[in-house]
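1. The following block contains a protein sequence and its predicted model.
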Amino acid sequence: MSLSGWLLLGLIINLASAQFDLPVQQSTIAQTVPKYSLTTPTETEKIQKLAQQTTVRILTANASGSGVIVQHQGQIYTVLTSWHVVAFSDRHTIITPDGRRHTPSRQPQQLGNSDLAITQFRSNSRYQITTISTEPVKLGEPVFAAGFPMYQGQSLATTFNQGIKVFRFTSGEISVLPPKSLAQGYRLGYTNDIAVGMSGGPIFNASGLLIGINGRLKNRDPNFGMYTFEDGTEPPIGLLPQILSSSWGIPITNYLQFHN
């Protein structure tokens, strides 16, 4: 049965359970998301400022994405982004938080088989570097996602000529932590609304530490294999609605496997 078929079956089972008051295993239906105390407006403003100082925009010939500065050595800055942002173009331009445009100093490098890549640029300017979290991510904890939407609102008009002016910062919480990675390393489900163009942008925790990278929007068509585990198996039926309604990112631990 296709993934969409399993989803329909799962919804029917859930409705039947509710109608006849049948006992259902909670772990099979969905992950219980605990409630954490929200960050204060002042704390959120600090994280937003940090995001603006560390998030870059990446322009290709026909598309755009985002990235985050994770390393600095001399005049060389390393940017972590999504592989699909830089994989399909021969060249790209990196726009730093001060609005300057940089030509990469090397070809982008994919990290293993994941949807992660690093690219680099050279500059004698000083840019803020993110601090990476080494603590486990927890269900329900507040998270913040940043990046640069490619389109203006719901229209098809692009924002290419607006540079970093279209920066977006959203808040939410961790909604799904599956038992194993979905395809291409995705294992971080969260409630934040992200848009096309924010792929490659950072995900921060409430302490302003980098915990992941944006990559997939909510409610993608399950028939495209977006929600299949890396080992080829499919998620439990009851967990699918929660998976579909979440945005998805790649945990920063995937990056640390290659650059620790």
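-> Good, I have the coordinates.
2. Next, work out how far apart the most centrally placed residue in the chain and residue 64 are.
-> Centroid-nearest residue in the chain, with Cα atoms, centre = their mean: residue 214, separated by 1.5 Å. Here the criterion is Cβ to Cβ, to the nearest Å. By it, residue 214 lies 13 Å from residue 64. Where C-beta positions appear, they are placed from N, C-alpha and C, glycine not excepted.
3. list the contacts for residue 101?
-> By Cβ atoms under 8 Å, 6 or more residues apart in numbering, residue 101 lies in contact with 93, 94, 95.
4. nope, residue 198 is what I meant
-> By Cβ under 8 Å, 6+ apart, the contact set of residue 198 is 65, 66, 145, 146, 147, 148, 149, 168, 214.
5. The residue nearest to it when sequence neighbours are not counted: how many residues sit nearby?
-> Distances taken as Cβ to Cβ, 6 or more residues apart in numbering place residue 147 nearest to residue 198, at 2.9 Å, with adjacent residues excluded. Using other Cβ atoms under 10 Å, residue 147 has 34 other residues around it.
6. so residue 147 bridges to which residues?
-> Residue 147 forms beta bridges with residue 168, as assigned by DSSP bridges.
7. pretty sure it is touching residue 196, no?
-> No - in this structure residue 147 lies outside contact range of residue 196 using Cβ atoms under 8 Å: 9.7 Å.
8. domains of this protein?
-> 3-40+131-254, 56-122 (automatic domain parsing).
9. Return the alpha-carbon coordinates of stretch 138-145 using PDB.
-> C-alpha atoms of stretch 138-145 as PDB (Å, rounded to 0.1, in the frame of the first residue of the first chain):
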ATOM      1  CA  LYS A 138      13.500  17.500  23.400                       C
ATOM      2  CA  LEU A 139       9.900  17.300  22.400                       C
ATOM      3  CA  GLY A 140       7.900  20.500  23.100                       C
ATOM      4  CA  GLU A 141      10.900  22.800  23.600                       C
ATOM      5  CA  PRO A 142      10.700  26.200  22.000                       C
ATOM      6  CA  VAL A 143      12.600  26.700  18.700                       C
ATOM      7  CA  PHE A 144      13.200  29.500  16.300                       C
ATOM      8  CA  ALA A 145      13.700  29.300  12.500                       C
END
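10. What lies in contact with that stretch?
-> Under the criterion Cβ under 8 Å, 6+ apart, residues 31-36, 38-39, 44, 47-48, 51, 169-177, 190, 192, 194, 198, 201-206, 211, 214, 247, 249 lie in contact with stretch 138-145.
11. Selection in PyMOL covering whichever of those residues are buried, please.
-> In PyMOL, this line selects whichever of these come out buried by 16 or more other Cβ atoms under 10 Å:
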select buried, resi 31+33+39+44+47+48+51+169+170+171+172+173+174+175+176+177+190+192+194+198+201+202+203+204+205+206+211+214+247+249
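12. So which residues of the stretch 101-250 of the chain form helices?
-> With helices called from DSSP state H, counting those that start in this stretch, the stretch 101-250 of the chain shows them at 240-244.
13. And the pLDDT at residue 222?
-> Note on residue 222: pLDDT of 64.
14. so is residue 32 in a helix, a strand, or just coil?
-> Under DSSP: H, G, I helix; E, B strand; the rest coil, residue 32 falls in the coil class.
15. For residue 67, list the residues it contacts.
-> 55, 56, 57, 58, 79, 80, 81, 85, 94, 119, 200, 201.
16. element containing the second one?
-> Put plainly, it is residue 56. Element membership of residue 56, judged by DSSP states H and E, is strand 55-59.
17. Strand partners (parallel or antiparallel) of that strand?
-> Strand 55-59 is paired, per DSSP bridges, with strand 64-73 (antiparallel), strand 93-95 (antiparallel).
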